[in-house]
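Student: Need coordinates for the following:
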Amino acid sequence: MCGIVGAISVLPVDPELIEKMRDRMAHRGPDHAGIWLSKDSHVCLGHRRLAIVDLTSEANQPFISHDGRFLITFNGEIYNYKNLREKLLAMGILFHTQSDTEVLAEAFRCWGDQCLSRLSGMFAFAIWDTVNRRLFCARDRAGEKPFYYATTKDSFIFASEVKALLPWPEFRKEIHYPALLDYLTFGFVPDPKSIWEGCHKLPPGHWMSVEIEPGDKLVVKDPVAYWDMEFDPDYSVTDWKPVILETLKKASKEMAFADVPVGAFLSGGVDSSSVTAALSKAGCLVKTFTVGFVEKDYDERPWAREVSQIYGTPHVERVVNAEDVLTVFERLLWHYDEPFNDYSYLPTYYVCREARKFITVALSGDGGDEMFAGYPKYMRLKARQDVERFISRPMARLLFAGASSILPGRSQFRQKLVPYRMTPTEMINSMLTTGFSLKTLMAASRGPLAEALKHYMPMDTVLPLLRKAPPEKVSLINSMRYLDLKLTLAGGILVKVDRASMAVSLEVRPVYLNQDILGLAGKIPPDLLADRNDSKKILKSALRSWLPEAILDRKKMGFALPLKHWINRDLYKLFTENPAKNPLEDLLDESLLIEMASNDSSQNTDISSFIHSLFFLKHWFAKWFCN
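Tutor: Just a heads-up that it's a prediction; the model follows:
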């Protein structure tokens with residue numbers, strides 16, 4: 001894993017400025033800092049290296065192709081680089097290192113943007129063509145590696161983290177209010193937005209190019225999709241279990257290569273346990289790592305220990321407590337340089353920090369819930385599909401509306417009926433809304449945020465994605481899987497893991513986002529993934545030969561922490577004190593937000609997520625906007 005940065009401009013680029021931007025990401029690459037400046041000073045590329053494959057200095061970046069034409073700055077890993085290297089050798093390409101960076105550079109030299117379809121890996125990179133004066137930028141299929149960019153009057157700048165772009169003199173340090181509304185709704189800023197005006201994220205599975213045309217004219221072209229999740233259910237397969245297990249073993253083995261120590265995260269849930277099992281079945285013995293809590297309702301260490309004992313892994317545990325929040329919050333606020341509300345970043349950071357004492361690469365189970373329908377919401381979606389097979393949608397809505405009208409407002413059964421009164425699009429959107437509802441935001445917004453709501457609603461982010469995977473065509477379950485891939489994963493979970501792991505210079509590789517597993521997940525019929533009683537059905541069924549029932553059949557816990565308990569006790573002072581500068585006062589009525597959220601009958605009575613959302617946002621403003 002590394003940090004990349006660069007600028008292409010019609011004016012001379014100051015390499016010292018690029019070095020300053022690059023070194024804001026020193027945590028991403030402590031092993032080497034590189035810089036390259038074109039002869040005319042119009043292009044400058046920077047790189048911070050975390051050495052994983054070929055630890056020699058010859059593999060440092062920015063890296064030059066063997067013919068001297070292409071310069072690359074690259075973050076990530078190409079898992080199938082050895083196979084690609086053999087193909088390129090057969091074409092007469094000479095190699096001077098054993099690195100995947102050189103393979104990527106030569107693959108682009110030979111195949112251009114078509115090389116992307118050949119890559120198995122996680123990546124964000126930029127390649128400068130010195131002949132055609134063209135910068136080519138690309139991001140991996142699922143968005144595991146970040147790529148921020150901004151276009152100013154005379155320049156195009158990019159980096160792995162948005163904080164690296166802030167020193168650029170023409171960068172617009174102005175809040176993009178639609179992105180702020182997205183954060184308050186979803187808990188993160190989804191692609192392609194960023195929190196700053198004029199700054200964007202290259203969407204997952206896309207590439208883009210920037211050219212300097214004659215007369216020193218800078219042309220920034222729109223992103224182009226080279227991959228998308230496709231749903232093509234194969235009903236001819238009678239038993240998916242063997243192919244699932246074989247694909248997991250193959251992916252785990254492919255992703256376990258490195259010239260540094262490798263381990264695995266093990267929470268004791270289905271996904272991380274299956275990765276540990278797959279590694280063992282593939283002949284890879286690794287050390288495993290988990291974090292837990294004193295509070296038993298949140299502690300998964302017993303299940304992690306059980307899996308570790310089954311597969312004989314050296315196992316390391318770390319207990320996280322409220323004091324840990326006080327110790328590292330300011331540091332994490334530096335690393336999460338956009339508003340972010342998934343407070344499991346805290347245990348994620350600590351498991352990464354503990355693992356980094358022993359290893360440099362960790363495999364994880366991230367993506368399993370999205371690819372195999374592992375969340376409880378998938379059971380509700382399947383139940384709705386089943387109902388609509390026997391009762392028409394208009395009739396169902398009428399019946400459930402009538403039933404709801406005669407039930408008490410706080411009735412648990414009434415709450416279960418609410419989604420059936422919605423259209424499929426409304427139901428999906430409500431499931432994605434983990435933050436404040438639109439009704440609440442419209443009532444509590446002030447000033448420019450209220451003005452933004454006149455022209456934009458967070459649903460505007462969801463609708464274009466739904467058009468690519470409409471429920472009536474691909475099913476409710478597949479629509480939600482698509483949205484989870486594009487939103488929940490790319491904007492939330494993968495950001496959480498990338499920033500937490502990079503904070504301690506640890507590379508994390510999510511096995512369930514391997515391209516072979518992505519392809520397999522699109523072929524499994526949705527009815528096999530979940531029913532009204534269970535989620536992740538086909539995956540659990542396949543894993544019964546690898547894992548005990550106690551692991552597969554226990555209630556899903558998620559990677560949560562006892563925040564409500566901590567806020568009421570040890571963290572009360574931290575969460576109730578306001579920063580000296582609080583621009584939120586001019587944007588939101590905070591007390592009204594919390595009051596409406598807690599009174600909203602569709603919300604869970606635990607409002608700690610809402611409290612954290614505003615807490616993080618206030619401190620983010622104080623650190624990144626007011627300074």
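Student: can we go C-alpha only for contacts and neighbour counts from here?
Tutor: OK.
Student: Can you list the low-confidence ranges for the stretch 501-627 of the chain?
Tutor: The stretch 501-627 of the chain contains residues with pLDDT under 70 at 600-605.
Student: Going along the chain, name the strands of it.
Tutor: 507-510 (DSSP state E, counting those that start in this stretch).
Student: what about the helices in it?
Tutor: Assigned by DSSP state H, counting those that start in this stretch, the helices in the stretch 501-627 of the chain fall at 515-523, 537-543, 549-552, 563-568, 572-576, 590-599, 608-620.
Student: residues in contact with residue 522?
Tutor: For residue 522, the contacting residues are 229-233, by CA atoms under 8 Å, 6 or more residues apart in numbering.
Student: Leaving out chain neighbours, which residue sits closest to it?
Tutor: residue 231 (4.5 Å; CA to CA, 6 or more residues apart in numbering).
Student: did I read that right, the one you found in a helix?
Tutor: No: counting by DSSP: H, G, I helix; E, B strand; the rest coil, residue 231 falls outside a helix, being coil.
Student: Around it, how many other residues sit close by?
Tutor: By other CA atoms under 10 Å, the residues close to residue 231 number 21.
Student: For it, give its distance to residue 479.
Tutor: Distance, residue 231 to residue 479, using CA to CA, to the nearest Å: 10 Å.
Student: same question, residue 379
Tutor: According to CA to CA, residue 379 stands 14 Å off from residue 479.
Student: Same question for residue 12.
Tutor: On the measure of CA to CA, residue 12 and residue 479 end up 47 Å apart.
Student: Which one's more surrounded, the two?
Tutor: Legend: neighbour count by other CA under 10 Å for residue 12 and residue 479, higher for residue 479 (24 against 16).
Student: Counting neighbours, which of the contacts of residue 522 comes out on top?
Tutor: Neighbour counts for these, by other CA under 10 Å, peak at residue 231, which reaches 21 neighbours.
Student: pretty sure that one contacts residue 478?
Tutor: Yes: with contacts counted by CA atoms under 8 Å, residue 231 reaches residue 478, the gap being 7.5 Å.
Student: shared neighbours, these two?
Tutor: Shared contacts of residue 231 and residue 478 (CA under 8 Å, 6+ apart): none.
Student: Give me the phi and psi for residue 10.
Tutor: With angles defined as degrees, to the nearest 10, residue 10 sits at phi -80, psi -10.
Student: Just give me the neighbour total for it.
Tutor: 18.
Student: Residue 322 now?
Tutor: Number of residues near residue 322 (other CA under 10 Å) recorded here: 17.
Student: That one and residue 504: what is the separation?
Tutor: According to CA to CA, residue 322 and residue 504 sit 20 Å apart.
Student: ditto for residue 586
Tutor: Applying CA to CA to residue 586 and residue 504 gives a distance of 36 Å.
Student: out of these two, which sits in the busier spot?
Tutor: Counted by other CA under 10 Å, residue 586 and residue 504 do not tie: residue 504 has more neighbours, with 21 against 12.
Student: From residue 326, how far off is that one?
Tutor: Distance from residue 504 to residue 326, counting by CA to CA: 18 Å.
Student: same question, residue 216
Tutor: Residue 216 sits 51 Å away from residue 326, going by CA to CA.
Student: what's the answer for residue 477, then?
Tutor: As for residue 477, its distance to residue 326 is 40 Å (criterion: CA to CA).
Student: between those two, which one's more packed in?
Tutor: Neighbour count, other CA under 10 Å: between residue 477 and residue 326, residue 477 has more, with 25 against 12.
Student: Tell me which helix or strand that one sits in.
Tutor: When elements are assigned from DSSP states H and E, residue 477 belongs to helix 476-483.
Student: hang on, the earlier thing: next, format the helices of the stretch 501-627 of the chain as a markdown table and append distance to residue 245.
Tutor: Shown next, in a markdown table, are the helices of the stretch 501-627 of the chain (distance: least, CA to CA, whole Å):
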| stretch | distance to residue 245 |
| --- | --- |
| helix 515-523 | 10 |
| helix 537-543 | 7 |
| helix 549-552 | 15 |
| helix 563-568 | 36 |
| helix 572-576 | 45 |
| helix 590-599 | 43 |
| helix 608-620 | 36 |
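Student: What residues of stretch 52-71 count as buried?
Tutor: Buried residues in stretch 52-71, counted by 16 or more other CA atoms under 10 Å: 52-55, 59-65, 70-71.
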